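In: build the 3D model from these lines:
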Amino acid sequence: MKFLLLICFLSLIATISETYAQENEKHEHVLLHPQKFYRKYFPNLKIKKDRPDSTFIKEYRDYLSVGAHILSPAIGIDIKKPVSENNGYDPSSKFRTSISDILGFSVNYRYVGFSFAFLLKSGMNSRVDYAPSRYKTATIKYNNGATSLQFKYIRIRGFTDINQRDGADPNPMLTQREDIVSKDFQFEGLRNFRWRKYSYVAPITFAQRQVKSSAGFLLKGGVYYHQLSGDSSLLSPRQQEFYNDMTGVTSLRSLTVRVAPGVGGTLVILRRVYLSAVAFTSYDLYFYKYLTGPEEKVKGRHAFIFLFDNKISLGYHAERFYAGLRFETELRQGPLYNLDLQTAYSYTGIELGYRFDAPKVVKKIYKKTMPPGM
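Out: Residues are numbered from 1 along each chain as shown. Prediction:
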(Lines give C-alpha, C1' and ligand atoms only; values in the text may rest on other atoms or scores of the structure.)
Protein backbone atom coordinates (compact mmCIF):
# COMPACT_ATOMS: atom_id res chain seq x y z
CA MET A 1 0.00 0.00 0.00
CA LYS A 2 2.80 2.38 0.93
CA PHE A 3 4.58 1.51 -2.32
CA LEU A 4 1.40 2.28 -4.30
CA LEU A 5 1.02 5.66 -2.58
CA LEU A 6 4.65 6.46 -3.35
CA ILE A 7 4.11 5.67 -7.03
CA CYS A 8 1.01 7.91 -7.13
CA PHE A 9 2.88 10.74 -5.42
CA LEU A 10 5.81 10.55 -7.85
CA SER A 11 3.42 10.43 -10.80
CA LEU A 12 1.67 13.58 -9.53
CA ILE A 13 5.01 15.39 -9.15
CA ALA A 14 6.06 14.35 -12.65
CA THR A 15 2.76 15.58 -14.13
CA ILE A 16 3.03 18.96 -12.39
CA SER A 17 6.67 19.34 -13.47
CA GLU A 18 5.84 18.53 -17.09
CA THR A 19 2.94 21.01 -17.13
CA TYR A 20 5.14 23.72 -15.61
CA ALA A 21 7.90 23.00 -18.10
CA GLN A 22 5.47 23.26 -21.02
CA GLU A 23 4.10 26.58 -19.76
CA ASN A 24 7.60 27.86 -19.10
CA GLU A 25 8.70 26.76 -22.57
CA LYS A 26 5.95 28.87 -24.14
CA HIS A 27 7.34 31.96 -22.44
CA GLU A 28 10.91 31.04 -23.31
CA HIS A 29 10.03 30.73 -27.00
CA VAL A 30 9.24 34.44 -27.02
CA LEU A 31 11.79 35.79 -24.58
CA LEU A 32 14.77 33.69 -25.60
CA HIS A 33 14.18 33.71 -29.36
CA PRO A 34 14.35 37.27 -30.71
CA GLN A 35 12.78 36.43 -34.08
CA LYS A 36 9.64 35.09 -32.38
CA PHE A 37 9.67 38.14 -30.11
CA TYR A 38 9.74 40.47 -33.14
CA ARG A 39 6.95 38.55 -34.90
CA LYS A 40 4.72 38.64 -31.84
CA TYR A 41 5.22 42.19 -30.57
CA PHE A 42 6.48 44.01 -33.71
CA PRO A 43 4.92 42.14 -36.64
CA ASN A 44 5.42 45.05 -39.06
CA LEU A 45 8.98 45.88 -38.01
CA LYS A 46 11.45 45.82 -40.89
CA ILE A 47 14.66 47.81 -41.18
CA LYS A 48 14.98 49.54 -44.54
CA LYS A 49 18.03 48.60 -46.58
CA ASP A 50 18.65 52.03 -48.09
CA ARG A 51 22.28 52.22 -49.13
CA PRO A 52 24.47 55.33 -49.38
CA ASP A 53 25.86 56.62 -52.68
CA SER A 54 28.74 54.25 -53.43
CA THR A 55 30.67 57.00 -55.25
CA PHE A 56 30.95 58.87 -51.92
CA ILE A 57 30.80 56.14 -49.26
CA LYS A 58 32.14 52.60 -49.21
CA GLU A 59 30.52 50.07 -46.83
CA TYR A 60 32.21 47.10 -45.19
CA ARG A 61 29.11 45.02 -44.51
CA ASP A 62 30.73 41.59 -44.56
CA TYR A 63 33.71 42.52 -42.39
CA LEU A 64 34.08 42.36 -38.63
CA SER A 65 35.99 45.49 -37.61
CA VAL A 66 38.12 45.06 -34.48
CA GLY A 67 40.06 48.02 -33.13
CA ALA A 68 42.07 49.25 -30.17
CA HIS A 69 42.76 52.77 -28.97
CA ILE A 70 44.92 54.51 -26.38
CA LEU A 71 43.66 57.89 -25.21
CA SER A 72 45.04 60.49 -22.86
CA PRO A 73 42.11 62.21 -21.12
CA ALA A 74 41.83 65.56 -19.39
CA ILE A 75 38.80 65.56 -17.09
CA GLY A 76 37.71 68.47 -14.94
CA ILE A 77 34.70 69.39 -12.83
CA ASP A 78 34.62 72.96 -11.45
CA ILE A 79 32.27 74.31 -8.78
CA LYS A 80 32.56 78.09 -8.64
CA LYS A 81 31.06 80.91 -6.64
CA PRO A 82 29.37 83.39 -9.00
CA VAL A 83 30.22 86.41 -6.76
CA SER A 84 33.85 87.52 -6.99
CA GLU A 85 34.01 89.45 -3.69
CA ASN A 86 35.05 86.77 -1.21
CA ASN A 87 37.51 88.68 1.01
CA GLY A 88 40.50 87.52 -0.97
CA TYR A 89 39.62 83.82 -0.63
CA ASP A 90 38.60 81.76 -3.64
CA PRO A 91 36.03 79.18 -2.47
CA SER A 92 35.90 77.38 -5.83
CA SER A 93 36.70 73.70 -6.24
CA LYS A 94 38.52 72.45 -9.32
CA PHE A 95 38.38 68.65 -9.34
CA ARG A 96 40.88 66.82 -11.53
CA THR A 97 41.91 63.19 -12.01
CA SER A 98 45.26 61.42 -12.10
CA ILE A 99 44.32 59.45 -15.22
CA SER A 100 47.17 59.44 -17.74
CA ASP A 101 46.07 56.87 -20.31
CA ILE A 102 43.10 54.63 -20.98
CA LEU A 103 43.06 51.54 -23.17
CA GLY A 104 39.96 50.64 -25.13
CA PHE A 105 38.72 48.04 -27.61
CA SER A 106 35.88 48.12 -30.12
CA VAL A 107 34.02 45.59 -32.27
CA ASN A 108 31.68 46.56 -35.11
CA TYR A 109 29.67 44.43 -37.50
CA ARG A 110 27.15 45.89 -39.92
CA TYR A 111 24.80 48.11 -37.91
CA VAL A 112 25.92 47.18 -34.40
CA GLY A 113 29.00 48.12 -32.40
CA PHE A 114 30.33 47.62 -28.89
CA SER A 115 33.31 49.19 -27.14
CA PHE A 116 34.79 49.43 -23.67
CA ALA A 117 37.78 51.12 -22.05
CA PHE A 118 39.61 51.09 -18.74
CA LEU A 119 42.53 52.74 -16.97
CA LEU A 120 45.93 51.76 -18.34
CA LYS A 121 48.47 51.53 -15.53
CA SER A 122 51.49 52.40 -17.63
CA GLY A 123 53.57 53.93 -14.83
CA MET A 124 53.73 57.21 -16.76
CA ASN A 125 51.58 59.13 -14.30
CA SER A 126 53.40 62.36 -13.40
CA ARG A 127 50.68 63.59 -11.01
CA VAL A 128 52.09 61.97 -7.89
CA ASP A 129 50.37 64.51 -5.62
CA TYR A 130 46.93 63.61 -7.01
CA ALA A 131 44.56 61.05 -5.52
CA PRO A 132 44.63 57.73 -7.42
CA SER A 133 41.84 57.59 -9.99
CA ARG A 134 39.95 54.74 -11.63
CA TYR A 135 38.13 54.83 -14.94
CA LYS A 136 35.89 52.50 -16.94
CA THR A 137 33.35 52.92 -19.69
CA ALA A 138 31.20 50.81 -22.02
CA THR A 139 29.25 51.77 -25.14
CA ILE A 140 26.66 50.06 -27.35
CA LYS A 141 25.96 51.60 -30.75
CA TYR A 142 23.50 51.18 -33.59
CA ASN A 143 24.29 52.93 -36.88
CA ASN A 144 22.45 52.68 -40.18
CA GLY A 145 23.86 55.73 -41.93
CA ALA A 146 20.93 58.08 -41.51
CA THR A 147 20.32 57.35 -37.82
CA SER A 148 22.66 56.52 -34.96
CA LEU A 149 21.68 55.39 -31.47
CA GLN A 150 24.07 55.05 -28.56
CA PHE A 151 24.02 54.04 -24.91
CA LYS A 152 27.13 54.89 -22.89
CA TYR A 153 28.20 54.34 -19.29
CA ILE A 154 31.15 56.13 -17.67
CA ARG A 155 32.41 55.75 -14.10
CA ILE A 156 35.32 57.71 -12.62
CA ARG A 157 36.50 57.42 -9.03
CA GLY A 158 39.15 59.51 -7.30
CA PHE A 159 39.47 63.29 -7.75
CA THR A 160 41.83 65.97 -6.49
CA ASP A 161 40.81 69.56 -5.73
CA ILE A 162 43.70 71.58 -7.14
CA ASN A 163 42.26 74.90 -5.94
CA GLN A 164 41.96 74.07 -2.22
CA ARG A 165 44.97 73.53 0.04
CA ASP A 166 45.42 73.17 3.75
CA GLY A 167 46.43 76.68 4.82
CA ALA A 168 47.54 75.50 8.26
CA ASP A 169 50.10 73.14 6.75
CA PRO A 170 53.56 74.75 6.22
CA ASN A 171 53.84 72.58 3.07
CA PRO A 172 50.24 72.67 1.85
CA MET A 173 49.12 69.70 -0.22
CA LEU A 174 46.33 69.44 -2.74
CA THR A 175 43.04 68.16 -1.35
CA GLN A 176 42.77 64.51 -2.37
CA ARG A 177 39.24 63.09 -2.59
CA GLU A 178 39.49 59.38 -3.33
CA ASP A 179 35.86 59.00 -2.24
CA ILE A 180 34.33 61.20 -4.95
CA VAL A 181 32.67 59.25 -7.77
CA SER A 182 31.32 60.54 -11.08
CA LYS A 183 28.76 58.38 -12.92
CA ASP A 184 27.20 58.97 -16.33
CA PHE A 185 24.38 57.11 -18.08
CA GLN A 186 23.83 58.50 -21.56
CA PHE A 187 21.30 57.63 -24.23
CA GLU A 188 21.41 59.66 -27.42
CA GLY A 189 20.33 59.58 -31.01
CA LEU A 190 21.70 61.34 -34.06
CA ARG A 191 20.23 62.17 -37.45
CA ASN A 192 22.45 62.67 -40.48
CA PHE A 193 20.48 64.64 -43.08
CA ARG A 194 23.01 63.97 -45.87
CA TRP A 195 23.73 60.34 -45.10
CA ARG A 196 23.81 59.21 -48.71
CA LYS A 197 26.95 61.28 -49.43
CA TYR A 198 28.42 62.06 -46.00
CA SER A 199 29.29 59.36 -43.45
CA TYR A 200 29.26 60.52 -39.82
CA VAL A 201 30.23 57.05 -38.53
CA ALA A 202 33.20 56.42 -40.87
CA PRO A 203 35.88 57.87 -38.53
CA ILE A 204 34.10 56.51 -35.43
CA THR A 205 33.15 52.86 -36.10
CA PHE A 206 35.15 52.33 -39.35
CA ALA A 207 32.26 50.28 -40.74
CA GLN A 208 32.23 52.77 -43.63
CA ARG A 209 34.83 54.83 -45.50
CA GLN A 210 34.42 58.25 -47.05
CA VAL A 211 35.56 57.95 -50.68
CA LYS A 212 34.97 61.57 -51.76
CA SER A 213 35.02 64.70 -49.64
CA SER A 214 31.62 65.71 -48.32
CA ALA A 215 29.83 67.47 -45.46
CA GLY A 216 26.36 67.62 -43.94
CA PHE A 217 24.08 68.94 -41.23
CA LEU A 218 23.46 66.83 -38.13
CA LEU A 219 21.01 66.81 -35.23
CA LYS A 220 21.77 65.14 -31.91
CA GLY A 221 19.31 64.58 -29.07
CA GLY A 222 19.26 62.54 -25.92
CA VAL A 223 18.82 62.10 -22.20
CA TYR A 224 21.83 62.13 -19.87
CA TYR A 225 21.97 61.22 -16.18
CA HIS A 226 24.98 62.32 -14.09
CA GLN A 227 25.82 61.94 -10.43
CA LEU A 228 28.76 63.47 -8.58
CA SER A 229 28.91 62.08 -5.04
CA GLY A 230 31.25 61.54 -2.11
CA ASP A 231 31.29 59.81 1.26
CA SER A 232 31.47 63.27 2.89
CA SER A 233 30.54 66.81 1.82
CA LEU A 234 31.67 67.81 -1.65
CA LEU A 235 32.84 71.18 -0.28
CA SER A 236 34.91 71.82 2.84
CA PRO A 237 33.36 73.59 5.87
CA ARG A 238 35.27 76.76 4.97
CA GLN A 239 33.94 76.69 1.41
CA GLN A 240 30.38 76.07 2.58
CA GLU A 241 30.31 79.49 4.26
CA PHE A 242 30.22 81.07 0.79
CA TYR A 243 27.54 78.79 -0.73
CA ASN A 244 23.93 78.79 0.39
CA ASP A 245 22.23 75.40 0.64
CA MET A 246 25.53 73.51 0.18
CA THR A 247 26.06 72.63 3.86
CA GLY A 248 26.53 68.88 4.15
CA VAL A 249 25.75 68.25 0.48
CA THR A 250 27.34 64.94 -0.55
CA SER A 251 25.75 64.47 -3.96
CA LEU A 252 24.78 66.45 -7.04
CA ARG A 253 22.36 64.58 -9.32
CA SER A 254 21.24 65.81 -12.70
CA LEU A 255 19.14 64.79 -15.68
CA THR A 256 19.86 66.60 -18.94
CA VAL A 257 17.61 66.84 -22.00
CA ARG A 258 19.50 67.84 -25.12
CA VAL A 259 18.70 68.85 -28.67
CA ALA A 260 21.93 69.94 -30.37
CA PRO A 261 22.25 70.95 -34.04
CA GLY A 262 25.63 70.38 -35.61
CA VAL A 263 27.68 70.13 -38.75
CA GLY A 264 30.28 67.64 -39.90
CA GLY A 265 32.57 67.09 -42.83
CA THR A 266 35.34 64.85 -44.13
CA LEU A 267 38.16 65.90 -46.45
CA VAL A 268 39.60 62.96 -48.41
CA ILE A 269 43.25 63.22 -49.46
CA LEU A 270 44.91 60.79 -51.88
CA ARG A 271 41.87 58.48 -51.70
CA ARG A 272 42.91 56.79 -48.43
CA VAL A 273 43.76 59.64 -46.05
CA TYR A 274 40.99 61.59 -44.36
CA LEU A 275 40.58 64.65 -42.13
CA SER A 276 37.24 64.72 -40.33
CA ALA A 277 35.63 67.28 -38.03
CA VAL A 278 32.24 67.42 -36.27
CA ALA A 279 30.83 70.09 -33.94
CA PHE A 280 27.60 70.48 -31.94
CA THR A 281 26.34 73.27 -29.73
CA SER A 282 23.18 73.79 -27.68
CA TYR A 283 21.64 74.98 -24.44
CA ASP A 284 20.60 71.86 -22.54
CA LEU A 285 17.64 71.69 -20.18
CA TYR A 286 19.27 70.66 -16.90
CA PHE A 287 17.28 69.25 -13.95
CA TYR A 288 19.29 68.86 -10.74
CA LYS A 289 19.23 68.28 -6.98
CA TYR A 290 21.59 68.89 -4.06
CA LEU A 291 21.44 65.92 -1.65
CA THR A 292 22.91 65.43 1.82
CA GLY A 293 22.08 61.70 1.76
CA PRO A 294 21.26 59.09 -0.91
CA GLU A 295 17.65 58.69 0.29
CA GLU A 296 16.89 62.36 0.88
CA LYS A 297 13.75 63.75 -0.78
CA VAL A 298 14.23 67.30 -2.01
CA LYS A 299 12.59 69.47 -4.61
CA GLY A 300 14.49 69.61 -7.87
CA ARG A 301 15.56 72.73 -9.74
CA HIS A 302 16.28 73.39 -13.38
CA ALA A 303 18.63 75.52 -15.43
CA PHE A 304 19.95 75.90 -18.97
CA ILE A 305 23.51 74.69 -19.55
CA PHE A 306 25.67 75.62 -22.52
CA LEU A 307 27.17 72.69 -24.46
CA PHE A 308 30.00 72.52 -26.97
CA ASP A 309 30.92 69.11 -28.39
CA ASN A 310 33.45 68.46 -31.14
CA LYS A 311 35.52 65.65 -32.66
CA ILE A 312 38.53 65.96 -34.96
CA SER A 313 40.30 62.98 -36.49
CA LEU A 314 43.05 62.36 -39.02
CA GLY A 315 43.51 58.84 -40.34
CA TYR A 316 44.17 56.27 -43.01
CA HIS A 317 41.82 53.66 -44.52
CA ALA A 318 42.98 50.60 -46.43
CA GLU A 319 40.71 47.74 -47.44
CA ARG A 320 41.52 45.88 -44.22
CA PHE A 321 43.76 48.03 -42.04
CA TYR A 322 42.87 51.43 -40.59
CA ALA A 323 44.58 53.85 -38.22
CA GLY A 324 43.99 57.35 -36.96
CA LEU A 325 44.61 60.18 -34.53
CA ARG A 326 41.66 61.74 -32.76
CA PHE A 327 40.80 64.60 -30.47
CA GLU A 328 37.45 64.91 -28.68
CA THR A 329 36.11 67.65 -26.42
CA GLU A 330 32.87 68.11 -24.53
CA LEU A 331 32.35 71.27 -22.49
CA ARG A 332 29.27 71.99 -20.36
CA GLN A 333 28.89 75.11 -18.23
CA GLY A 334 26.15 77.20 -16.70
CA PRO A 335 24.74 78.82 -13.54
CA LEU A 336 22.98 76.67 -10.94
CA TYR A 337 21.48 77.79 -7.63
CA ASN A 338 24.21 79.77 -5.79
CA LEU A 339 27.04 78.31 -7.85
CA ASP A 340 28.44 77.96 -11.36
CA LEU A 341 29.15 74.47 -12.68
CA GLN A 342 31.57 73.54 -15.44
CA THR A 343 32.51 70.06 -16.66
CA ALA A 344 35.08 69.40 -19.35
CA TYR A 345 36.12 66.12 -20.94
CA SER A 346 38.81 65.94 -23.61
CA TYR A 347 40.54 62.91 -25.12
CA THR A 348 43.60 62.79 -27.35
CA GLY A 349 44.96 59.54 -28.72
CA ILE A 350 45.54 56.98 -31.45
CA GLU A 351 43.55 54.02 -32.73
CA LEU A 352 44.42 51.00 -34.83
CA GLY A 353 42.15 48.36 -36.31
CA TYR A 354 41.69 45.57 -38.81
CA ARG A 355 38.70 44.29 -40.76
CA PHE A 356 38.35 40.51 -40.64
CA ASP A 357 36.05 38.32 -42.66
CA ALA A 358 33.12 37.86 -40.31
CA PRO A 359 33.08 34.29 -38.91
CA LYS A 360 30.02 32.18 -39.65
CA VAL A 361 29.09 32.08 -35.98
CA VAL A 362 28.99 35.90 -35.89
CA LYS A 363 26.78 36.01 -38.98
CA LYS A 364 24.48 33.36 -37.52
CA ILE A 365 24.10 35.09 -34.15
CA TYR A 366 23.56 38.43 -35.86
CA LYS A 367 20.87 37.04 -38.13
CA LYS A 368 19.01 35.33 -35.29
CA THR A 369 19.09 38.27 -32.88
CA MET A 370 18.67 41.37 -35.06
CA PRO A 371 15.31 42.67 -36.37
CA PRO A 372 14.27 41.71 -39.93
CA GLY A 373 16.19 43.63 -42.56
CA MET A 374 19.31 44.32 -40.49
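In: need the three-state assignment for Met248.
Out: Just so we're on the same page, residue 248 is Gly rather than Met. Using DSSP: H, G, I helix; E, B strand; the rest coil, the structure places Gly248 in coil.
In: switch to numbering from 387
Out: With the count now opening at 387, the last piece we talked about shows up as Gly634.
In: looks like it contacts Leu677 (just checking).
Out: No. Counting by C-beta atoms under 8 Å, Gly634 does not reach Leu677; the two are 9.5 Å apart. Backbone N, C-alpha and C define where each C-beta goes, glycine included.
In: can you list residues touching both of the two?
Out: Common neighbours of Gly634 and Leu677, counting by C-beta atoms under 8 Å, 6 or more residues apart in numbering, are absent.
In: where along the stretch 437-586 of the chain do the strands fall?
Out: Along the stretch 437-586 of the chain, the stretches classed as strands by DSSP state E, counting those that start in this stretch are 443-445, 449-466, 479-482, 488-495, 498-505, 520-529, 533-551, 560-578.
In: what helices or strands is the helix or strand containing Tyr660 leaning on?
Out: Using DSSP states H and E, Tyr660 sits in strand 659-677. Judged by 3 or more C-beta pairs under 8 Å, 6 or more residues apart in numbering; DSSP states H and E, strand 659-677 is in contact with helix 588-591, strand 594-596, strand 600-615, strand 637-655, strand 687-703, strand 707-722.
In: burial check on Tyr521, number of neighbours?
Out: Residues lying near Tyr521 (other C-beta atoms under 10 Å) number 21.
In: what bridges to it?
Out: Residues in a beta bridge with Tyr521, per DSSP bridges, are Ile542.
In: now do Ile736
Out: Beta-bridge partners, per DSSP bridges, of Ile736: Ile456, Leu711.
In: how about Asn578?
Out: Leu604.
In: so which of the helices and strands packed on strand 659-677 comes closest to Thr546?
Out: Closest approach to Thr546 among the helices and strands packed on strand 659-677 is made by strand 600-615 (14.2 Å; C-beta to C-beta).
In: enumerate the positions of whichever helix or strand comes after the closest one that are buried.
Out: Downstream of strand 600-615, the first helix or strand assigned by DSSP H and E is helix 623-626. Burial within helix 623-626, assessed by neighbour count using 16 or more other C-beta atoms under 10 Å, is assigned to 625-626.
In: chain center to helix 623-626, what's the gap?
Out: 33 Å (C-alpha atoms, centre = their mean, to the nearest Å).
In: quick one on the thing from earlier: tell me which of the strands of the stretch 437-586 of the chain sits most buried.
Out: Burial of these is given as mean neighbour count (mean count of other C-beta atoms under 10 Å); strand 479-482 ranks first at a mean of 21.
In: ok, that one: who's next to it in the sheet?
Out: strand 449-466 (antiparallel), strand 533-551 (antiparallel).
In: so which strand or helix has Glu705?
Out: Glu705 belongs to no helix or strand, assigned by DSSP H and E.
In: contacting residues for the residue nearest to it when sequence neighbours are not counted?
Out: Closest residue in space to Glu705, ignoring its immediate chain neighbours: Arg741 at 7.4 Å, by C-beta to C-beta, 6 or more residues apart in numbering. By C-beta under 8 Å, 6+ apart, the contact list for Arg741 reads 446, 449-452, 592, 705-708.
In: that's a helix at Arg741, yeah?
Out: No. The assignment for Arg741, made by three-state DSSP, is strand rather than a helix.
In: so what pLDDT did the residue most central in space within the chain get?
Out: Nearest to the geometric centre of the chain sits Lys538, at 2.8 Å (C-alpha atoms, centre = their mean). Listed pLDDT for Lys538 reads 96.
In: from Ser451, how far off is it?
Out: Applying C-beta to C-beta, to the nearest Å, the value for Lys538 to Ser451 is 19 Å.
In: sorry, back to before: quick one: the strand holding Tyr660 to strand 687-703, angle?
Out: Following axes from the mean of the first three to the mean of the last three C-alpha atoms, to 10 degrees, one obtains 160 degrees for the angle between strand 659-677 and strand 687-703.
In: what bits of the chain have low per-residue confidence?
Out: Flagging of the chain using pLDDT under 70 yields the residue ranges 387-435, 468-474, 508-512, 551-559, 758-760.
In: out of the helices and strands packed on strand 659-677, deepest packed?
Out: helix 588-591 (a mean of 24).
In: quote the end-to-end distance of stretch 713-732.
Out: 7 Å (C-alpha to C-alpha, to the nearest Å).
In: any residues touching that stretch, and which ones?
Out: So stretch 713-732 is contacted by 459-468, 629-632, 638, 670, 672, 674, 676, 687, 689-699, 733-734 (C-beta under 8 Å, 6+ apart).
In: check the offset of that stretch from the chain's centre.
Out: Stretch 713-732 sits 17 Å away from the centroid of its parent chain (C-alpha atoms, centre = their mean).
In: over to stretch 687-696?
Out: 17 Å.
In: stretch 700-718 now?
Out: 17 Å.
In: now do stretch 644-658
Out: Relative to the centre of its chain, stretch 644-658 is centred 20 Å away, using C-alpha atoms, centre = their mean.
In: stretch 601-612 too?
Out: How far stretch 601-612 lies from its chain's middle: 12 Å, per C-alpha atoms, centre = their mean.
In: quick check: closest non-adjacent residue to Asp448.
Out: Leaving aside its chain neighbours, Asp448 sits nearest to Ala744 (6.0 Å; criterion: C-beta to C-beta, 6+ apart).
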